[in-house]
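# Below are the sequence and a predicted model; questions follow.
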Amino acid sequence: MHRRRLVPLLAVSVTATLAPVLATSTATAAAPPIAYASASAAEGTLDWYVQQKPRWKPCAADLPAALECATVKVPLDYRAPGGERLDLTMSRIKSTAPAERRGVLLVNPGGPGGPGLSMPLGLREVLPASVQRAYDLIGFDPRGVGRSSPLSCGLKPAEETLLRPYREERFGEDVAWARGVADKCERKAGDTLPYITTRNTARDMDLLRAVLGEKKISYLGYSYGTYLGSVYTQLFPGRTDRFVLDSGVDPARAWRGMMRWWAEGAEPAFDRWTEWAARRSEMYGLGDTPEKVDRTFWNLVARADEKPIEVEGRPTTGDDIRSRMRPAVFSPQWATAVVVELRKAAAGEPATAKRLTASTGSGSTGRAADAPKVPADNMTASSWAVVCGDNSAAWPRDPESYRRDALADRGRFPLFGDFVSSVKPCAFWGASVEPATRVNNRAGALIVQNEWDPQTPLPSGQALHAALKGSKMLTVLGGEGHGVYPNGTVCADGTVTGYLLTGTLPAKDVSCEATAGSNAEARENRERDALPGSPLPQRAPDRF
């Protein structure tokens, strides 16, 4: 059903802005075992890097000894491997049955900007024993993140907001913020910034493969990790073994278009929620038709726009309500709880702030990465480096184009359109050193997706499946939340585990029904250590 959003009884004034994302490029051919296609003989080769021997040691004194870490060097610029080098730190939990070991399973929790060193610990708690027998679990902090030559722009906490709603009266301030972030990053990290990209992180993965002595790698990536994995398949199709891409990023829309998926994907989820709440009007009192539930919500937004609603002493604006509801509507129970508490607060009744924020995630993405001091703004800085640097040319340079886009998207996608389309630091970013990757290959992969995923909506995962023509897709019908495997659904878990163990993809795409109690943590959008991750760090919008 396509809904025409009802005009709230109280007038609301809002507007919006932003610009395009990654253009595409042709893929490089499969590289020979040591030299990359981008490294010419004149610039040197990667021989020295490949010959490194990892020196494994405990990651941290307060972590289980089974989690070992090692740091190797990677080129800052793969086109000139004889130049500056970066540290790249990886972690390992060895196969529990060496005689049954198949190889390595590289894992990535999401981001960009998310550290992954502790991810094998989280996976050890949930992966089937058979998978842990078959693989060494290999985590890593991507270049520029955590313990891998961490990037910093010297940003203050107030500058780290990733998504700002459009408001006419403060658009000038938002443009100044975006320009200021880009300028700070250039001043503090300009020599490194252009090389913190998805393509280079994929090259780093292949260098890890060589250093570990493996002919191929298997891979389990969540959210942004699905884009990273798909870029790897494009650059190194001959090195791709068993790839599970969970909660898929549409590679043609990374990154500005991917942000827009949050707004587009929230609209059908909002419709689903209004219908759900209307059927339970006697219990919740939000309205006995979807239209009345819709009106209840937008009246609250309009009221909070005029005067913030106090919840346990915390002012909640209309923009705050829209931001919190964007992920909430993908779980009707959570969305209903949010609106019920807001109605109480608006009526002067006791309301619980916890009900508004209980499902926004823990904010922790990898304790093992905290051993050396990591800059406070590292996740934000490394995230912008990838989001803007993967293809800077796709972001318009004129702030007015962002204003126009925000206004248009607020009309098309009222819940969140202006958040995703308003001005970003990418408008003032430096030029990318190479074009973005056009993902279009026949590498085998299993795409895994919840039907109601707030961060990477179902159409995004379907687009990833279409780009990877040798892939099969598993959809959890009725599944809520970001991240699927393992989730307690026998059908979904069995399909993914079977593929990791046998290498055989399903003969055709698979649909599984979500079962009671399955995927509980994902439904609440919570992490287990670093699992699963999200397309951007914790600060955007509730999580990106």
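That came through fine.

# so how far is the helix or strand harbouring residue 448 off the chain centroid?
Secondary structure from DSSP states H and E places residue 448 in strand 446-452. Mean-position distance between strand 446-452 and its chain equals 14 Å (CA atoms, centre = their mean, to the nearest Å).

# Show me what the following helix or strand past that strand is packed up against.
Once the chain leaves strand 446-452, the next helix or strand it forms, by DSSP H and E, is helix 458-467. Counting contacts by 3 or more CB pairs under 8 Å, 6 or more residues apart in numbering; DSSP states H and E, helix 458-467 packs against helix 224-235, helix 256-279, strand 446-452, strand 472-480. For glycine as for every other residue, the C-beta is placed from the backbone atoms N, C-alpha and C.

# can these go into JSON lines with extra columns for distance to residue 115, mean neighbour count and mean pLDDT?
Shown next, in JSON lines, are the helices and strands packed on helix 458-467 (distance: least, CB to CB, whole Å; neighbours: other CB atoms under 10 Å; pLDDT from 0 to 100):
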{"stretch": "helix 224-235", "distance to residue 115": "12", "mean neighbour count": "29", "mean pLDDT": "98"}
{"stretch": "helix 256-279", "distance to residue 115": "21", "mean neighbour count": "22", "mean pLDDT": "96"}
{"stretch": "strand 446-452", "distance to residue 115": "22", "mean neighbour count": "26", "mean pLDDT": "97"}
{"stretch": "strand 472-480", "distance to residue 115": "26", "mean neighbour count": "22", "mean pLDDT": "97"}
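
# Output these as TSV; include the columns distance to residue 385.
Listed next are these as TSV, based on distance: least, CB to CB, whole Å:
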stretch	distance to residue 385
helix 224-235	13
helix 256-279	15
strand 446-452	26
strand 472-480	30
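
# and residue 169, which of the ones you listed is closest to it?
helix 256-279 (21.9 Å; CB to CB).

# How far away from the center of its chain is the helix or strand following the closest one?
Counting by DSSP H and E, the next helix or strand C-terminal to helix 256-279 is helix 281-284. Chain-centre distance of helix 281-284: 35 Å, with CA atoms, centre = their mean.

# Residue 76 touches residue 195, doesn't it?
Yes - using CB atoms under 8 Å, residue 76 is in contact with residue 195, at 5.1 Å.

# Looking at the two, which is more packed in?
Taking neighbours as other CB atoms under 10 Å, residue 76 and residue 195 compare with residue 195 leading, 23 against 20.

# That one contacts residue 80, doesn't it?
No - between residue 195 and residue 80 there is no contact under CB under 8 Å: 10.3 Å.

# the strands in the stretch 201-350 of the chain, which residues?
In the stretch 201-350 of the chain, the strands defined using DSSP state E, counting those that start in this stretch lie at 217-222, 240-246, 309-311, 314-316.

# Pick the most buried one from those.
Of these, the one with the most neighbours on average (mean count of other CB atoms under 10 Å) is strand 217-222, at a mean of 27.

# Next, the angle strand 446-452 makes with that strand.
On the basis of axes from the mean of the first three to the mean of the last three CA atoms, to 10 degrees, strand 217-222 is oriented at 10 degrees to strand 446-452.

# Contacts for strand 217-222, please.
With contact meaning CB atoms under 8 Å, 6 or more residues apart in numbering, strand 217-222 is reached by 102-110, 123, 135, 205-206, 208-209, 228-229, 232, 239-247, 482-483, 485, 500, 531-533.

# Export that strand to PDB, keeping only CA atoms.
Extracted in PDB, the C-alpha atoms of strand 217-222 (Å, rounded to 0.1, in the frame of the first residue of the first chain):
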ATOM      1  CA  ILE A 217      39.500 -17.200   1.800                       C
ATOM      2  CA  SER A 218      36.000 -17.800   3.100                       C
ATOM      3  CA  TYR A 219      34.200 -14.800   4.500                       C
ATOM      4  CA  LEU A 220      31.400 -13.800   6.800                       C
ATOM      5  CA  GLY A 221      30.500 -10.100   6.500                       C
ATOM      6  CA  TYR A 222      27.600  -8.100   8.000                       C
END
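
# what's the angle from it to strand 240-246?
Using the same axes, to 10 degrees, strand 217-222 lies at 10 degrees relative to strand 240-246.

# Please identify the pairing partners of strand 217-222 and their relative orientation?
Strand 217-222 sits in its sheet next to strand 103-108 (parallel), strand 240-246 (parallel), going by DSSP bridges.

# the inter-axis angle of the first one versus helix 224-235?
In other words, strand 103-108. 130 degrees.

# packing partners for the strand holding residue 448?
Using 3+ CB pairs under 8 Å, 6+ apart: strand 446-452 touches strand 240-246, helix 458-467, strand 472-480, helix 490-502.

# Out of the helices and strands packed on helix 458-467, which gets nearest to residue 424?
Closest to residue 424 of the helices and strands packed on helix 458-467 is helix 256-279 (CB to CB; 7.8 Å).

# how far is that closest one from where the chain is centred?
The answer for helix 256-279 is 18 Å, by CA atoms, centre = their mean.

# The residue lying closest to residue 65 once chain neighbours are set aside - how many residues pack around it?
Residue nearest to residue 65 in three dimensions, not counting chain neighbours: residue 58, with 5.6 Å by CB to CB, 6 or more residues apart in numbering. By other CB under 10 Å, 15 other residues sit near residue 58.

# Who does residue 58 form a beta bridge with?
Bridge pairing for residue 58 - DSSP bridges - gives residue 68.

# if I look at it, how far off is residue 117?
Distance, residue 58 to residue 117, by CB to CB, to the nearest Å: 12 Å.

# so what sits against both of those two?
What both residue 58 and residue 117 touch, as defined by CB under 8 Å, 6+ apart, is the set residue 69.

# relative to helix 458-467, how tilted is the strand holding residue 448?
Strand 446-452 and helix 458-467 meet at an angle of 160 degrees, taking the same axes, to 10 degrees as the criterion.

# what are the pairing partners of strand 446-452, and which direction each?
According to DSSP bridges, strand 446-452 forms sheet pairs with strand 240-246 (parallel), strand 472-480 (parallel).

# Just want the angle from the longest one to helix 490-502.
With the same axes, to 10 degrees as the basis, strand 472-480 and helix 490-502 are set at 150 degrees to each other.

# quick one on the thing from earlier: do you know which of the helices and strands packed on helix 458-467 lies nearest residue 97?
Residue 97 lies closest, by CB to CB, to one member of the helices and strands packed on helix 458-467: strand 446-452, at 23.2 Å.

# Low-confidence ranges, the protein, go.
Applying pLDDT under 70 to the chain flags the ranges 1-44, 354-372, 516-544.

# 80 instead, please
1-44, 352-372, 516-544 (pLDDT under 80).

# re earlier: make JSON lines from the strands paired with strand 217-222 and add distance to residue 289 to it.
Converted to JSON lines, the strands paired with strand 217-222 look like this (distance: least, CB to CB, whole Å):
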{"stretch": "strand 103-108", "distance to residue 289": "44"}
{"stretch": "strand 240-246", "distance to residue 289": "37"}
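
# nearest to residue 263, of those?
Comparing those under CB to CB, the one sitting nearest is strand 240-246, at 22.5 Å.

# any residues touching the closest one, and which ones?
Applying CB under 8 Å, 6+ apart, the contact partners of strand 240-246 are 103, 216-223, 225-226, 229-230, 232-233, 443-449, 464, 468, 471, 483-485, 496, 499-500, 503, 532.
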